[in-house]
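Enquirer: Pasted the sequence and its predicted model underneath.
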Amino acid sequence: MRMYDIILKKRDGGILTKEEIAYVVKGFTDGTIPDYQMSALLMAIYYQHMNYEETLNLTLEMAKSGDILDLSSIQGIKADKHSTGGVGDKTTLVLGPMVAAVGVKTAKMSGRGLGYTGGTIDKLESIPRFSTSLDVHTFMKNVSEIGIAVTGQTGNLAPADKKMYALRDVTATVDNIALISSSIMSKKLASGADIIVLDVKVGSGAFMKTEQKAYELAREMVRIGTGAGRKVSAVLSEMDQPLGLAVGNALEVIEAIDTLKGNGPKDLLELCVALGSHMVVSAGITDRLLEAENLLKQTITNQTAYKKFCAFVKAQGGDVAVLESPQSLIHASIIKNIVSDETGYISHIKSDDIGKAVMLLGGGRQTKDSAIDASVGIVLRKKVGDYIVKGESLGVMFANQEELAQQANQIFKEAFCFSDKKVEKTPLIKGIVI
Ligand code: URA
């Protein structure tokens with residue numbers, strides 16, 4: 001087999017066989033296929049696309065290019081959630097304890113954030129002494145005993161994807177349904193869960209800007225996961241404004257704690273209930289979504305989810321005292337009210353600009369090795385549909401450098417769009433794919 005012939009075949013619209021795909025993934029991972037040939041193939045795939053069989057084969061080959069996490073020693077059903085990335089998305093911190101409280105376990109290998117969508121690991125590290133590098137034994141033990149553990153990516157999970165994603169990033173070949181689906185699903189399959197729930201964000205602040213594109217991606221990922229023998233469902237959720245009110249690592253942890261205590265923003269809880277209900281039904285705890293939703297809501301009112309969160313933080317070495325007084329997580333030296341220059345109904349909040357403002361403050365990574373400041377961020381006071389009068393507060397900024405605070409202030413204000421007419425709030429959940 002020759003890489004040249006495979007590139008030519010795809011360039012001319014041919015369908016790649018399982019053997020050809022296996023040859024490409026293996027050769028690219030071990031370095032025998034050079035970047036320039038892989039770039040050419042990625043561009044050919046970008047234009048000619050891949051059918052379902054090809055995408056499934058690509059996913060399976062990428063999943064087995066490295067370690068596959070074996071969770072079989074953990075009793076019970078193991079679930080995992082993936083979000084395509086959104087600003088203010090702290091769902092894992094709320095959803096994990098909620099589903100654990102009703103008996104669904106989550107063994108989560110999570111990433112650090114790059115760019116303006118923060119990673120779960122970065123958020124958790126704002127809790128003093130919280131360890132995000134568990135050894136495999138402790139990770140498995142915590143999932144078994146508490147029902148939830150989160151660790152940074154260790155080992156060698158889907159290395160083919162890591163290499164391919166880096167190449168796609170610099171060759172303008174990220175934006176392709178087959179390549180995105182195989183990239184996401186290869187990592188999820190290698191992470192070993194029986195149940196996978198996908199949160200596919202849609203809107204101006206998301207990877208998928210339109211509902212049509214988001215549905216296309218969701219359907220493909222669900223089909224691939226199902227084809228690989230897992231129970232997979234997808235929830236399409238709006239990203240035309242940040243999720244919840246807090247954006248920034250420590251601030252998001254505070255908001256997650258508030259939500260677990262029953263005092264969080266409605267949209268965050270709604271999303272967690274929607275995602276969690278599919279996990280609960282797939283786990284066979286009930287076959288009715290409505291009942292699953294009620295079970296999850298009860299974990300908030302009866303505090304069982306919050307207790308799970310405390311047990312999870314304790315088991316990972318974190319300081320549980322801060323959970324009782326989460327405001328103690330705020331260490332920013334500058335706390336500023338940001339007021340509106342306009343009067344009107346808020347019609348849209350450009351989430352990516354809010355994310356950029358927080359990144360500028362130091363809350364996000366420009367490159368994968370940059371350090372982040374967990375204490376900075378913004379808490380919104382207004383969301384889409386709210387009416388605001390000039391001079392009223394749009395949000396509160398937490399910063400550590402005056403000059404950056406001024407720049408972020410401007411970006412934050414400009415992220416808000418206004419209308420003279422009343423703006424209807426749009427539903428958070430746009431659709432479900434099962
Ligand atoms: N996230 C991934 O993990 N892979 C992609 O291709 C796009 C988003």
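Expert: Looks like it arrived, so ask away. Residues are numbered from 1 along each chain as shown.
Enquirer: Can I take it that I6 is in a strand?
Expert: No. Using DSSP: H, G, I helix; E, B strand; the rest coil, the assignment for I6 is helix, not a strand.
Enquirer: separation between it and the ligand?
Expert: 21 Å (CB to the nearest ligand atom, to the nearest Å). Where you see a C-beta, it was placed from the backbone N, CA and C, and this is true even at glycine.
Enquirer: got the residue ranges for the strands in the protein?
Expert: 78-83, 105-110, 148-152, 195-202, 231-238, 246-247, 334-339, 344-349, 377-380, 387-388, 393-399, 416-419, 429-433 (DSSP state E).
Enquirer: ranking the ones you listed by burial, who's on top?
Expert: Of all those, strand 246-247 has the most neighbours on average by mean count of other CB atoms under 10 Å, namely a mean of 30.
Enquirer: Could you pick out the residues of the protein near the ligand for me?
Expert: 165, 174, 179-180, 183-184 (CB under 6 Å from any ligand atom).
Enquirer: that older thread, what's the least confident stretch among the strands of the chain?
Expert: If the strands of the chain are sorted by mean pLDDT, strand 105-110 sits at the bottom with a mean of 88.
Enquirer: name the helices or strands packed onto it?
Expert: On a contact count with 3 or more CB pairs under 8 Å, 6 or more residues apart in numbering; DSSP states H and E, strand 105-110 meets strand 78-83, helix 91-101, helix 120-124, helix 136-146, strand 148-152.
Enquirer: hmm, who's touching the third one?
Expert: Which is helix 120-124. 90, 92-93, 108, 110-113, 130, 132, 150, 152, 249-250, 252-253, 256, 316, 318, 372, 374 (CB atoms under 8 Å, 6 or more residues apart in numbering).
Enquirer: make it 10 Å
Expert: 83, 89-93, 96, 108-113, 130-133, 150-153, 248-253, 255-256, 312-313, 316, 318, 363-365, 372, 374 (CB atoms under 10 Å, 6 or more residues apart in numbering).
Enquirer: Give me the distance from that helix to the chain's centre.
Expert: 11 Å (CA atoms, centre = their mean, to the nearest Å).
Enquirer: now do the first one
Expert: The chain centroid and the centroid of strand 78-83 are separated by 10 Å, computed with CA atoms, centre = their mean.
Enquirer: in its sheet, what does that strand sit against?
Expert: Strand 78-83 has the following sheet partners, assigned by DSSP bridges: strand 105-110 (parallel), strand 195-202 (parallel).
Enquirer: how many degrees apart are the longest one and strand 231-238 in direction?
Expert: Read that as strand 195-202. 20 degrees (axes from the mean of the first three to the mean of the last three CA atoms, to 10 degrees).
Enquirer: Would you check how far apart the residue of the stretch 151-300 of the chain found nearest the ligand and N51 are?
Expert: Nearest to the ligand, among the residues of the stretch 151-300 of the chain, is S183, at 3.4 Å (CB to the nearest ligand atom). Separation of S183 from N51 (CB to CB, to the nearest Å): 17 Å.
Enquirer: returning to what we had before: give me every residue that touches the residue of the stretch 151-300 of the chain closest to the ligand.
Expert: S183 touches 58-59, 62, 158, 160-162, 164-165, 168, 174, 176, counting by CB under 10 Å, 6+ apart.
Enquirer: cutoff 6 Å now
Expert: Applying CB atoms under 6 Å, 6 or more residues apart in numbering, we find S183 in contact with 161, 165.
Enquirer: Tell me the pLDDT of the closest residue to P265 other than its chain neighbours.
Expert: Nearest residue to P265 in three dimensions, chain neighbours excluded: G244, at 4.4 Å (CB to CB, 6 or more residues apart in numbering). G244 carries a pLDDT value of 97.
Enquirer: Hmm, G88 and G244 touching each other?
Expert: Yes. The pair G244 / G88 is scored as a contact, 5.1 Å apart, by CB atoms under 6 Å.
Enquirer: the more surrounded of these two?
Expert: G88 (31 against 28; other CB atoms under 10 Å).
Enquirer: How about the backbone phi and psi for the more buried one?
Expert: Main-chain dihedrals, G88, degrees, to the nearest 10: phi 80, psi 20.
Enquirer: Leaving out sequence neighbours, find the closest residue to it.
Expert: Nearest one to G88, counting by CB to CB, 6+ apart, is P242 at 3.5 Å.
Enquirer: what residues are up against that neighbour?
Expert: 87-88, 351, 354.
Enquirer: just to revisit the earlier point, for the strands of the chain, which one sits closest to L217?
Expert: Proximity to L217 (CB to CB) singles out strand 195-202 among the strands of the chain, at 5.9 Å.
Enquirer: mind saving the C-alpha coords of the closest one as CSV?
Expert: What follows is strand 195-202, C-alpha atoms only, in CSV (Å, rounded to 0.1, in the frame of the first residue of the first chain):
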residue,chain,number,x,y,z
ILE,A,195,-22.7,5.7,28.1
ILE,A,196,-21.7,8.8,26.3
VAL,A,197,-23.8,12.0,26.3
LEU,A,198,-22.7,14.8,24.0
ASP,A,199,-23.4,18.4,24.6
VAL,A,200,-23.3,20.0,21.1
LYS,A,201,-23.3,23.7,21.4
VAL,A,202,-24.9,25.8,18.7
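Enquirer: That strand to helix 91-101, inter-axis angle?
Expert: Using the same axes, to 10 degrees, strand 195-202 lies at 150 degrees relative to helix 91-101.
Enquirer: can you list contacts of strand 195-202?
Expert: Contacts of strand 195-202 (CB under 6 Å, 6+ apart): 79-84, 86, 188, 208, 211, 214, 217-218, 221, 225, 230-237, 239, 275, 278-279, 282, 430.
Enquirer: what do you get for stretch 100-108?
Expert: 71, 76-79, 96, 143, 147-150, 279-280, 283, 295, 299, 304-305, 308.
Enquirer: Just the CA trace of it, in PDB.
Expert: Output of stretch 100-108 as PDB, limited to C-alpha atoms (Å, rounded to 0.1, in the frame of the first residue of the first chain):
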ATOM      1  CA  ALA A 100     -23.500  10.000  40.900                       C
ATOM      2  CA  ALA A 101     -26.100  10.800  43.500                       C
ATOM      3  CA  VAL A 102     -28.600   8.600  41.500                       C
ATOM      4  CA  GLY A 103     -26.100   5.800  40.800                       C
ATOM      5  CA  VAL A 104     -24.500   6.700  37.500                       C
ATOM      6  CA  LYS A 105     -20.700   6.700  37.800                       C
ATOM      7  CA  THR A 106     -18.400   9.100  35.800                       C
ATOM      8  CA  ALA A 107     -14.700   8.400  35.300                       C
ATOM      9  CA  LYS A 108     -13.600  11.500  33.600                       C
END
